[in-house]
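1. Sharing a model that was predicted from the sequence below.
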Amino acid sequence: MAQLSQSFRKAKITLDELKTIDSSVKLYRAAGRMFLSGTASEFKDDIEKSLKAYEEDIKLEKDSKAQAEKKVEELTKAIQELIKKK
């Protein structure tokens, strides 16, 4: 989850910087060992899509973490009840 949060922050900062650039300006981004060209508006759209995906992934991880913690509490209570019965 920390990695998702870090990627989300990085994308958010990048988007904030891209908003200061004119939409018609040609930009380049690294993709492996090559560079891809495109306009600022194309890159903004890509980053906005990434932000939405990161938000969904973070929400799913938080939900699954909460469910796991709830399950651990239930199992702990069940074990304690078994110990008391003996």
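-> Perfect, thanks for sending it.
2. what about residue 17, how many neighbours?
-> As a burial measure, residue 17 scores 9 neighbours (other CB atoms under 10 Å). For every residue, glycine as well, the C-beta is placed using N, CA and C.
3. Going C-terminal from the helix or strand harbouring it, what's the next secondary structure element?
-> Secondary structure from DSSP states H and E places residue 17 in helix 2-18. Using DSSP H and E, the helix or strand that follows helix 2-18 towards the C-terminus is strand 26-31.
4. Downstream of that following strand, the next helix or strand is which one?
-> The C-terminal neighbour of strand 26-31 among helices and strands, as given by DSSP H and E, is strand 34-39.
5. Who does that following strand pair with, and is each partner parallel or antiparallel?
-> Listed by DSSP bridges, the sheet partners of strand 34-39 and their directions read strand 26-31 (antiparallel).
6. Please tell me how far the strand it pairs with is from the chain's geometric centre.
-> Centre-to-centre, strand 26-31 and its host chain are 22 Å apart (CA atoms, centre = their mean, to the nearest Å).
7. which helices and strands does the one helix or strand residue 84 maps to pack with?
-> Residue 84 is part of helix 40-85, with elements assigned from DSSP H and E. The criterion is 3 or more CB pairs under 8 Å, 6 or more residues apart in numbering; DSSP states H and E, and the helices and strands that helix 40-85 contacts are helix 2-18, strand 26-31.
8. again, only using 6 Å
-> For helix 40-85, the packing partners by 3 or more CB pairs under 6 Å, 6 or more residues apart in numbering; DSSP states H and E come out as helix 2-18.
9. list the buried ones in the helix it packs on?
-> Residues of helix 2-18 classed as buried by neighbour count (16 or more other CB atoms under 10 Å): 7, 8, 11, 14, 15, 18.
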